[in-house]
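A.B. asks: Sequence and predicted model, in that order:
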Amino acid sequence: MSASRTPVLVVGAGLAGCLLALELAHDGVASIVVERSSRSSWHPELNLVSGRGMELLRRLGLADLVRSDGVDPDRSAATAWSRSFGESPILVTPMPSVNELRRQYAGTTDGSAPVEPYALLTGVDLATRLRDCVRAHPLIDLREGWIFTDLRLEPGRTFATPRPWSGATIPPPRRPGPGCPPSGSAAANSSSTCSDPSSPYSISPPARPGAPSWTRPRRGASR
Ligand SMILES: Cc1cc2nc3c(=O)[nH]c(=O)nc-3n(C[C@H](O)[C@H](O)[C@H](O)COP(=O)(O)OP(=O)(O)OC[C@H]3O[C@@H](n4cnc5c(N)ncnc54)[C@H](O)[C@@H]3O)c2cc1C
């Protein structure tokens, strides 16, 4: 049985998994991301990305893309704290608009202000954007419709086993994500070692720091 080799296997293409893979790719580290679902969650949990969170997205070149899904930057907002839905809030914290904060931050010269103000958007929009970027990135091999089930440790390497997940629908085709991080790196031009996504993944440490031994699977290979 053939196996895919990767220095990093990320389980789950939620916000954390997508950002981890994009961060790694930003530093030239390839990864395989295994995700049981073939689309991002319907649950719109997240709605506030803090200024520091937006700085992280800015570093990845994604701040403007994410902000394009957000609320009007001239609109102020408020956080209401209550004991349960339907109860009157016990505390309401007003939030200046994004543009108002930009003006405030521009006047702060002691380095204490974030470079980016917060963004308000649904978790669905954010998760969908990030997953599109993961799907399009040449250093990231997203395997949707596969569930991670097992991990076996051996000296110098680790075997991970994904299986098809019955709850998944047909994965959408890879498509370039508008505004996603630029592609192109040494690893993006290397040959394929991936042949069968149902095989155990062999996670091997890079041959030397900064030079991953993993090579990128062919587009559309083994899907
Ligand atoms: C009501 C609510 C409001 C929130 N509001 C905010 C907010 O305003 N601001 C904020 O910053 N945060 C907020 N959060 C928190 C934020 O939504 C979560 O921290 C974040 O979504 C967690 O992301 P995650 O990637 O860790 O997990 P998830 O988004 O749950 O992603 C996990 C992924 O892993 C996949 N997966 C799981 N197991 C396997 C497996 N074995 N094999 C393959 N795939 C697998 C799942 O399918 C899923 O796609 C809120 C949370 C809730 C519940």
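C.D. replies: Looks like it came in fine. Everything numeric in this text was worked out from a predicted model, so none of it was measured. Residues are numbered from 1 along each chain as shown.

A.B. asks: got a pLDDT number for Arg175?
C.D. replies: Arg175 is assigned 45 on the pLDDT scale.

A.B. asks: oh, I was asking about Arg5
C.D. replies: pLDDT, read off for Arg5, is 89.

A.B. asks: Taking the chain, what residue is nearest to the ligand?
C.D. replies: Residue nearest to the ligand within the chain: Gly14 (1.9 Å; CB to the nearest ligand atom). C-beta here means a position set from N, CA and C on the backbone, and glycine is covered the same way.

A.B. asks: quick one: contacts for that residue?
C.D. replies: By CB atoms under 8 Å, 6 or more residues apart in numbering, the contact set of Gly14 is 40-41, 127.

A.B. asks: How is the chain divided into domains?
C.D. replies: Domains of the chain are assigned by automatic domain parsing as 4-42+124-203, 48-121.

A.B. asks: Give me whichever of those domains is most buried.
C.D. replies: Among the domains of the chain, domain 4-42+124-203 has the highest mean neighbour count (mean count of other CB atoms under 10 Å), at a mean of 18.

A.B. asks: Distance from the longest helix belonging to the chain to the middle of the chain?
C.D. replies: When the chain is parsed with DSSP state H, its longest helix is helix 123-136. Remark: helix 123-136 is offset 7 Å from the chain centroid, using CA atoms, centre = their mean, to the nearest Å.

A.B. asks: ditto for stretch 135-143
C.D. replies: Stretch 135-143 sits 11 Å away from the centroid of its parent chain (CA atoms, centre = their mean).

A.B. asks: can you tell me if it touches the ligand.
C.D. replies: No - under the criterion of CB under 6 Å from any ligand atom, the ligand is not reached by stretch 135-143; the shortest gap measures 8.9 Å.

A.B. asks: what's near enough to touch Val70?
C.D. replies: No, residue 70 isn't Val; it's Gly. Counting by CB under 8 Å, 6+ apart, Gly70 touches 98, 119-121.

A.B. asks: What residues does the chain have near the ligand?
C.D. replies: Checking the chain against the ligand by CB under 6 Å from any ligand atom, the hits are 11-17, 34-37, 41, 45-48, 123, 147-148.

A.B. asks: from the residues you listed, which ones fall inside helices?
C.D. replies: Those of these lying in helices (DSSP H): 15-17, 123.
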